[in-house]
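>>> I'd like to go over a predicted model; first the sequence, then the structure.
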Amino acid sequence: MGYPVALKARRSGLFHKVAAGGVRLDVRSAAEVRRAAAEMREKIPGLDGYVIQPMVKGGLEMMVGLRRDPVFGPVVIVGLGGGLVEAIGDVAVRLAPVSLAEAAAMIGELRLSSAASLRHQFKAELEHLAQVVTRVSDLAARHEDILELDLNPIVITSEGAMVVDAKLVRAAVPAAAQRTWMPAEATIGKLLNPQSIVVVGASANPAKQGGRLFRYLVKHGFPGRLDAVNPNESEILGRPSYPSVAELPEPADMACIVVPMDDVDKVVEACGKKGIPTATVFTSGFAETGPQGRRRQEQLMATARRNGIRLCGPNTAGIMSADGRMCAAIGMAFEVESVPEGNVAMLSQSGAIGSALLSRAWDQGVAIGRWICSGNEADLGLGDYMLALVDDPACSVIAVFMEAVRDPEAFKAACRKARERGKRVVVYKSGRSAAGSRAAQTHTGAIAGDDSVYSAAFKALGVVRVPDLQTLLDAAGALGQLPLPAGRRIGVVSASGGACSVVADECARRQLEMAELSAETVSAISEVIPPFGVPTNPVDVTMEVTVRPAMLGRVAELVLRDPGVDALLVMLTTNADPPAVHVGEGVIAAARASGKPVVVSRLGAEFLAPTSLAMYRTARIPVFAMPERAVLVLRALVDAAEIASRQTSALGEAGS
């Protein structure tokens, strides 16, 4: 092959050759090859041999990898190649299969591709790279025994691509697809909207879990038949109590089980014999406690399946359906005087966090009308509940606090159905873990860790991912009451130059664009605001608004009319009633006339403007104390709009 060449050490399990001293480049003679080989053998014990390759120079050094994720299956990754790939982190991740168009989109996300000059200079190289990505994706379908594949670097020239180094991890036996999903069909409706409930373990003592649960059902007006099972009581809160499940006069749609851990299994058995189709198990002490608890949970599931019962839980905090006045829950959020109805459903895998988020959502006016804590998900999981909620005409947004996807088939089916139906799914995923167990072996394992795979899955499935719990509530509320923007061009109107710069910085940080106002709009704004104001975006109407409060609404109207503006953020500081009322009237009128999303950020204390804040809430315009929250909500709206646009495009292609 001639000289120069590259010499590489070869040994099973040797993944990082450069760090181990197992790579010598630009070797120019036979003597130099022998000398370098001898030095490698001294440094690296147990060598199997060497690999000698011709030197490749020029072109782009990239990497393409494949990882078989235990939850979502094969994942493809592309990024900058060489030894710095993990440190730089300029990568894009997608679930397989990846089409040529999707591969090009992945490459377009890389910082390497962000500059137009670079895209033009390396146009042919990037096209070759996209072809490599699709071929690696194809390998995932044809070879199910591939656990990880790392092609790094791949030298890409205008003539084609050459794989300089490759690492492969294979399973001894092809990985079997895990399909544990059992569709809940109509049964889940008896959990979400039961016509009759029996509480097994109900108590007259409000300090006990069974007492609190029963009290919440009565307090919030459950209209169906409500029975109790407690051998020590004949009546609880005016409702009949029976010694055992067997002695109930007739079966209920749902049993709420609040009994000691050792009694749960036999209660489920009794419910099955009585003909009760569903059960919500509040009792803890199952899989969340370790191996012994997992065995106990497996036994519980065996009993439930043998008796034809579908389970929520165990270790759940309950279920709430506001329009059915059904609060089968133990979370103290239900100390609220009345449960408001709404078009947002909240799912949580944590009972404590789920209850706290529910109370916080109600406090800030987010219309949570359905609430489900899935608990350990021994039987029914997030996907099952989501599928039911997608079919619920009263639900338009599903907000999820997620620790992990335990049943990917059900979750994926639910997300796809939600996207088809135009229902919005917004998720906060906790536990942003480091890479999986093979992270030290390949670049692909190190980069395509659990969290990046979840992000890729959410993107593929049309899920809006948010970075924190506050944004989960904020975005869910906004998605439930605002129209989606046509794009990511944001108009900003404020009475503070400093606030304008803060909002502009936050928009740039969240990849939102400052809309460029037309000359006609700028001219019209100039006629409204003082000469020392700023008529371009972001618009500063100045503190003159305190004496001319109607001015801000007029400017908001002009900005929203501009065809280059997709959404508006009104940035207020310390405005107080009654001038704040006049500002609010103008903003609300402008929003209603435009049909575009409008959000308000108001830094001042709430006690200064209770009337105007109530007006915004009635008009379904969200108000946020900090501009960062408002910008994050706008980003969520943009993400949802882009998901809807992709769905529309896909339906159009299918129709054609």
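Good, I have the coordinates. Numbering: from 1, shown residues only.

>>> just the strands in the stretch 501-650 of the chain please.
Here the stretch 501-650 of the chain has its strands, by DSSP state E, counting those that start in this stretch, at 513-514, 539-540, 567-572, 598-602, 623-624.

>>> okay, now the sheet partners of the fourth one, with direction.
So the one you mean is strand 598-602. Applying DSSP bridges, strand 598-602 is found paired with strand 567-572 (parallel), strand 623-624 (parallel).

>>> can you redo the ones you listed as TSV with mean pLDDT?
Listed next are the strands paired with strand 598-602 as TSV, based on pLDDT from 0 to 100:
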stretch	mean pLDDT
strand 567-572	98
strand 623-624	97
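
>>> which one of these is the most hemmed in?
strand 567-572 (a mean of 26; mean count of other CB atoms under 10 Å). Every C-beta, even on glycine, is put in place using the N, C-alpha and C of the backbone.

>>> list the contacts of it.
485, 489-496, 499-500, 502-503, 538, 552, 556, 559-560, 580, 583, 587, 590-591, 594, 596-604, 627, 630-631, 634, 637-638 (CB atoms under 8 Å, 6 or more residues apart in numbering).

>>> among those residues, the buried ones, what's the PyMOL command?
A single PyMOL command selects the buried members of these (16 or more other CB atoms under 10 Å):
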select buried, resi 485+489+490+491+492+493+494+495+496+499+500+502+503+538+552+556+559+560+580+583+587+590+591+594+596+597+598+599+600+601+602+603+627+630+631+634+637+638
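
>>> what about the contacts of strand 567-572, which are in helices?
Mapping the contacts of strand 567-572 onto helices (DSSP state H) picks out 499-500, 502-503, 552, 556, 559-560, 580, 583, 587, 590-591, 594, 627, 630-631, 634, 637-638.

>>> would you list every one of the helices in the stretch 101-250 of the chain?
111-114, 116-121, 123-142, 188-192, 209-219 (DSSP state H, counting those that start in this stretch).

>>> if you drop the residues flanking it in sequence, what lies closest to Gly595?
The shortest distance from Gly595 to any non-neighbouring residue, by CB to CB, 6 or more residues apart in numbering, is to Pro483 (6.0 Å).

>>> can you list the domain ranges for this structure.
Following automatic domain parsing, one finds the domains of the chain at 5-54, 60-170, 186-479, 489-643.

>>> what is the closest residue to Ala166 other than its chain neighbours paired to in the beta sheet?
Using CB to CB, 6+ apart and skipping the chain neighbours, the partner closest in space to Ala166 is Leu151 (5.2 Å). Leu151 has these beta-bridge partners by DSSP bridges: Val64, Ala166.

>>> residue contacts, Leu151?
By CB under 8 Å, 6+ apart, the contact set of Leu151 is Met63, Val64, Gly65, Val132, Val136, Val163, Asp165, Ala166.

>>> does the last one really touch Ile154, like I thought?
Right, Ala166. No: when contacts are counted by CB atoms under 8 Å, Ala166 is not listed as touching Ile154 (9.1 Å).

>>> who has more neighbours, the two?
Here Ala166 and Ile154 are compared on neighbour count by other CB atoms under 10 Å; more neighbours surround Ile154, at 24 against 12.

>>> surely the more buried one and Gln131 touch.
No: when contacts are counted by CB under 8 Å, Ile154 is not listed as touching Gln131 (11.1 Å).

>>> tell me, what's touching the two both at once?
Common neighbours of Ile154 and Gln131 (criterion: CB under 8 Å, 6+ apart): Ala161.

>>> for Val598, which residues are in contact?
Applying CB under 8 Å, 6+ apart, the residues near Val598 are Leu482, Ala556, Leu560, Ala567, Leu568, Leu569, Val570, Val587, Ala590, Ala591, Ile621.

>>> then Val267?
By CB under 8 Å, 6+ apart, the contact set of Val267 is Val200, Val245, Ala255, Ile257, Val259.

>>> pLDDT value on it, please?
If you check Val267, the pLDDT there is 98.

>>> so it sits in a strand?
No: under DSSP: H, G, I helix; E, B strand; the rest coil, Val267 sits outside any strand and is assigned helix.

>>> sorry, back to before: save the contacts of Val267 as TSV, and put in distance to Ala388 too.
Formatted as TSV, the contacts of Val267 follow (distance: CB to CB, whole Å):
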residue	distance to Ala388
Val200	24
Val245	26
Ala255	19
Ile257	21
Val259	26
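
>>> so which of the residues you listed wins on neighbours?
Of those, with other CB under 10 Å as the count, Ala255 tops at 30 neighbours.

>>> and that one, what element?
strand 254-257 (DSSP states H and E).

>>> show me what that strand is packed against.
Judged by 3 or more CB pairs under 8 Å, 6 or more residues apart in numbering; DSSP states H and E, strand 254-257 is in contact with strand 196-200, helix 264-274, strand 278-281.

>>> can I get these in CSV with distance to Ile236?
As requested, the helices and strands packed on strand 254-257 are exported to CSV (distance: least, CB to CB, whole Å):
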stretch, distance to Ile236
strand 196-200, 8
helix 264-274, 17
strand 278-281, 18
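
>>> where in the stretch 301-450 of the chain is pLDDT low?
Within the stretch 301-450 of the chain, the ranges that satisfy pLDDT under 70 run 432-449.

>>> so which residues of it form helices?
With DSSP H, counting those that start in this stretch as the criterion, the stretch 301-450 of the chain has helices at 351-363, 382-390, 408-421, 443-447, 450-461.

>>> could you point out which of the ones you listed sits nearest Ala30?
Each of these has some distance to Ala30 by CB to CB; the shortest is helix 443-447, at 32.4 Å.

>>> off-centre distance for stretch 61-78?
Counting by CA atoms, centre = their mean, to the nearest Å, stretch 61-78 is centred 20 Å from the centre of its parent chain.

>>> can you give me the end-to-end span of that stretch?
11 Å (CA to CA, to the nearest Å).

>>> show me what counts as buried in it.
Across stretch 61-78, burial judged by 16+ other CB under 10 Å covers 61-69, 72-78.

>>> what's the answer for stretch 279-289, then?
Ala279, Thr280, Val281, Phe282, Thr283, Ser284, Gly285, Phe286, Ala287.

>>> distance to Leu7 and mean neighbour count for the helices of the stretch 301-450 of the chain - can I get that in JSON lines?
Output for the helices of the stretch 301-450 of the chain, formatted as JSON lines (distance: least, CB to CB, whole Å; neighbours: other CB atoms under 10 Å):
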{"stretch": "helix 351-363", "distance to Leu7": "55", "mean neighbour count": "19"}
{"stretch": "helix 382-390", "distance to Leu7": "52", "mean neighbour count": "25"}
{"stretch": "helix 408-421", "distance to Leu7": "44", "mean neighbour count": "19"}
{"stretch": "helix 443-447", "distance to Leu7": "21", "mean neighbour count": "25"}
{"stretch": "helix 450-461", "distance to Leu7": "34", "mean neighbour count": "20"}
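
>>> tell me how far the ends of stretch 388-398 are from each other?
End-to-end distance for stretch 388-398, by CA to CA: 11 Å.
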